[in-house]
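[1] Pasting a predicted model and its sequence here:
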Amino acid sequence: MEPAPAPGAAPLLALSGVAKAYGRAPRQFYALRGIDLEIAAGEFVCLVGPSGCGKSTLLRLITGLVAPTGGEVRYRGERLAGVNPHATIVFQTFALFPWLTVLENVEVALKARRVEPPERHARAEQLVELVGLAGFESAYPRELSGGMRQKVGFARAMAVEPELLCLDEPFSALDVLSAEALRGELIELWLRRAMSTEAILMVTHNIEEAVELADRIVVMAKDPGRILGEMHVGLRHPRNRKDVAFQAMVDRVYAAVTGRTATEPELIGTVPGALGITRRLPHARLEALAGLLEKVAAEEGRGDLPRLAQALGPHADELLPLVEAAERLGFARVEQGDLILLPAGHTYAEATIPVRKELISGRALRVPLVRWIYETLQRDDDQRVDRDYFVEALRGEFGDEAAAQVDTAVEWGRYAELFAYDKDSDQLSLEG
Ligand code: ADP
Ligand code: MG
């Protein structure tokens with residue numbers, strides 16, 4: 001929950017009518033226009049939006065690294081002129097000094113704040129420990145993994161003790177495990193107020209990440225870069241990506257980002273047919289989905305269907321089921337014979353395999369058939385159910401297609417690592 005600021009108190013940060021133009025007439029364009037945004041002490045805010053919508057520019061304006069072309073940025077009520085001494089940006093990749101050790105890299109930030117040597121040393125040690133790098137004080141950056149280097153960067157940013165910590169896609173350059181660990185570390189430090197920082201503003205293109213961390217999500221659009229709207233995330237911490245409420249929030253944010261308003265009907269249980277929401281699953285192999293989405297991503301997110309079919313060569317007849325699967329999973333939509341990637345599709349195309357699995361498992365759960373099987377297994381005492389049970393239950397809906405539908409749902413569920421199928425017993429069971 002967002003702490004209400006004291007009545008009359010100025011928010012930490014307030015932007016009104018902020019614009020930033022780049023270039024010169026006639027080639028001038030607005031990277032940002034009409035930006036109104038307030039951030040109060042105690043808030044963790046995430047900025048999401050397509051690439052090029054001005055997210056990084058917005059952080060630069062807030063930290064005073066660039067000046068607005070119009071409007072004003074106020075910090076604690078004061079109009080910002082020049083660099084904002086109370087805000088720090090942490091970039092996607094940190095530039096550590098290669099000739100300094102971990103500890104020294106953190107100490108330089110304290111030195112810049114004129115902290116005296118003995119205190120500097122002690123404080124740097126504390127910070128290094130706080131980010132989980134105890135034992136690596138005298139290691140050099142080249143001896144560390146990417147994730148560890150990012151931690152040094154965090155420690156250094158915290159050494160500055162900014163009131164407002166701005167993070168620009170801080171996890172996107174990391175492998176999935178390091179990203180997850182560091183995300184956990186950050187939210188833990190933040191929630192137990194272990195850092196003196198009063199507010200965090202984080203840019204991410206990963207909507208799940210935003211829903212995991214933020215109190216409020218600000219959605220941006222481009223051409224010109226602007227704020228479309230914002231939403232509060234009322235979920236309690238720790239947040240679980242597989243929770244229905246979590247996924248519903250993710251959906252709402254995707255809908256806002258893509259300009260969709262209607263979302264799929266919410267699912268509530270038992271036999272899908274009873275709810276009248278049974279839709280045939282396309283017989284698509286999800287293994288082949290990544291390749292398709294990658295191809296479209298490489299074409300700026302818009303792929304001509306006939307040409308995509310050609311590219312599939314002998315597998316051309318897999319295209320339509322794949323396209324339908326991509327639509328059902330919220331990765332893409334079809335428009336005028338083109339397959340157009342949605343933000344989730346971009347994320348999927350660019351993600352590493354473990355991240356893809358995670359994305360798929362969340363999304364597959366929103367497919368009625370898959371969800372129904374999953375929930376049935378969950379309700380079962382030993383979490384194993386005969387495949388036949390499902391086939392029979394669906395007979396009324398699908399007739400002779402019932403078995404094929406179950407098999408496809410099982411393939412999807414297995415791919416998403418939601419459940420497993422044992423050939424010998426012909427039973428389904430929950431994964432793990
Ligand atoms: P995002 O971080 O959302 O991807 P950016 O803030 O980096 O977006 O960029 C917004 C737009 O402004 C883009 O079209 C980008 O090319 C342009 N832009 C960013 N920085 C500059 C610059 N220094 N000079 C000219 N154009 C820029
Ligand atoms: Mg950026």
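    Perfect, I can see it now. Residues are numbered from 1 along each chain as shown. Ligands and ions are numbered 1, 2, ... in the order given.

[2] burial of Ala14, as a residue count?
    With neighbours defined by other Cβ atoms under 10 Å, the count for Ala14 comes to 19. Quick note: C-beta positions are derived from backbone N, CA and C, even for glycine.

[3] Ok, Arg328 next?
    Neighbour number of Arg328 under other Cβ under 10 Å is 21.

[4] same question, Phe29
    Phe29: 11 surrounding residues under other Cβ under 10 Å.

[5] need the helices for the stretch 251-400 of the chain, in chain order.
    Per DSSP state H, counting those that start in this stretch, the stretch 251-400 of the chain carries helices over the ranges 289-298, 305-312, 319-328, 343-350, 353-364, 368-379, 387-398.

[6] from those helices, which stretch is densest packed?
    Comparing the helices of the stretch 251-400 of the chain by mean neighbour count (mean count of other Cβ atoms under 10 Å), helix 343-350 ranks first with a mean of 22.

[7] Quick one: closest of the helices of the stretch 251-400 of the chain to ligand 1.
    helix 343-350 (12.2 Å; Cβ to the nearest ligand atom).

[8] if we can go back for a sec, adding mean pLDDT as columns, could you present the helices of the stretch 251-400 of the chain in a markdown table?
    What follows is the helices of the stretch 251-400 of the chain, written out as a markdown table (pLDDT from 0 to 100):
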| stretch | mean pLDDT |
| --- | --- |
| helix 289-298 | 92 |
| helix 305-312 | 80 |
| helix 319-328 | 87 |
| helix 343-350 | 89 |
| helix 353-364 | 86 |
| helix 368-379 | 88 |
| helix 387-398 | 86 |
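
[9] As JSON lines, those with distance to Glu125 would be great.
    Shown next, in JSON lines, are the helices of the stretch 251-400 of the chain (distance: least, Cβ to Cβ, whole Å):
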{"stretch": "helix 289-298", "distance to Glu125": "44"}
{"stretch": "helix 305-312", "distance to Glu125": "55"}
{"stretch": "helix 319-328", "distance to Glu125": "50"}
{"stretch": "helix 343-350", "distance to Glu125": "37"}
{"stretch": "helix 353-364", "distance to Glu125": "33"}
{"stretch": "helix 368-379", "distance to Glu125": "47"}
{"stretch": "helix 387-398", "distance to Glu125": "58"}
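
[10] of all these, which lies closest to His237?
    helix 353-364 (18.2 Å; Cβ to Cβ).

[11] and Ala31, helix, strand or coil?
    Here Ala31 is recorded as strand under DSSP: H, G, I helix; E, B strand; the rest coil.

[12] And for it, the neighbour number?
    23.

[13] Quick check: the gap between it and ligand 1.
    3 Å (Cβ to the nearest ligand atom, to the nearest Å).

[14] got it, and Ala25?
    Distance of Ala25 to ligand 1, given as Cβ to the nearest ligand atom: 14 Å.

[15] That residue: how many residues sit nearby?
    6.

[16] so it, which of the three states?
    State at Ala25, reduced to three classes by three-state DSSP: coil.

[17] Enumerate every residue touching the closest residue in space to Ser145 that isn't next to it in sequence.
    Leaving aside its sequence neighbours, Ser145 sits nearest to Ser178 (Cβ to Cβ, 6 or more residues apart in numbering; 6.8 Å). By Cβ atoms under 8 Å, 6 or more residues apart in numbering, Ser178 lies in contact with Ser145, Gly146, Gly147, Met148, Gln150.

[18] And for Phe390?
    Counting by Cβ under 8 Å, 6+ apart, Phe390 has contacts Ile373, Thr376, Val406, Ala409, Leu428.

[19] State whether the last one is indeed within a strand.
    Read that as Leu428. Yes: counting by three-state DSSP, Leu428 is located in a strand.

[20] about what we covered before: identify whichever of the helices of the stretch 251-400 of the chain lies nearest to Gly337.
    helix 305-312 (5.3 Å).

[21] For the stretch 201-350 of the chain, what lies in contact range of ligand 1?
    Those residues of the stretch 201-350 of the chain that sit near ligand 1, judged by Cβ under 6 Å from any ligand atom, are Gly225.

[22] can you map out the strands along the stretch 201-350 of the chain?
    216-221, 226-232, 302-304, 332-335, 338-341 (DSSP state E, counting those that start in this stretch).

[23] Surely Thr408 is in contact with Arg285?
    No: applying Cβ atoms under 8 Å as the test, Thr408 and Arg285 come out as separate, 9.3 Å apart.

[24] So these two - more neighbours on which side?
    Between Thr408 and Arg285, Thr408 has the larger neighbour count (other Cβ under 10 Å), namely 22 against 15.

[25] buried ones in whichever helix or strand the more buried one is part of?
    Assigned by DSSP states H and E, Thr408 falls within helix 402-415. Buried residues in helix 402-415, counting neighbours by 16 or more other Cβ atoms under 10 Å, are found at 402-403, 405-415.

[26] Can you name the residues that contact the residue in the stretch 201-350 of the chain that ligand 1 sits nearest to?
    Using Cβ to the nearest ligand atom, the single residue of the stretch 201-350 of the chain nearest to ligand 1 is Gly225, 5.7 Å away. Contacts here follow Cβ under 8 Å, 6+ apart; on that basis Gly225 touches 20, 30-33, 35, 49, 52-55, 57-58.

[27] Out of those residues, which comes closest to Ala316?
    Nearest to Ala316, judged by Cβ to Cβ, of those is Gly52 at 33.1 Å.

[28] what's the burial count for the closest one?
    Look at Gly52: counted by other Cβ under 10 Å, it has 12 neighbours.

[29] ditto for the one 3 residues further on
    Taking other Cβ under 10 Å as the criterion, the count of residues near Lys55 is 24.

[30] For it, give me the pLDDT.
    As predicted, Lys55 sits at a pLDDT of 94.

[31] number of nearby residues for the closest residue to it other than its chain neighbours?
    What sits nearest to Lys55 in space, not counting adjacent residues and going by Cβ to Cβ, 6+ apart, is Val203, at 4.4 Å. Val203 has 23 neighbours, counted by other Cβ under 10 Å.

[32] who's in contact with the helix holding Thr408?
    Outside helix 402-415, the residues within contact range by Cβ under 8 Å, 6+ apart are 280-287, 360, 364, 367, 369-370, 373-374, 387, 390-392, 394-395, 398, 419-421, 428, 431.

[33] need the next SSE after that helix, C-terminal direction.
    strand 419-422.
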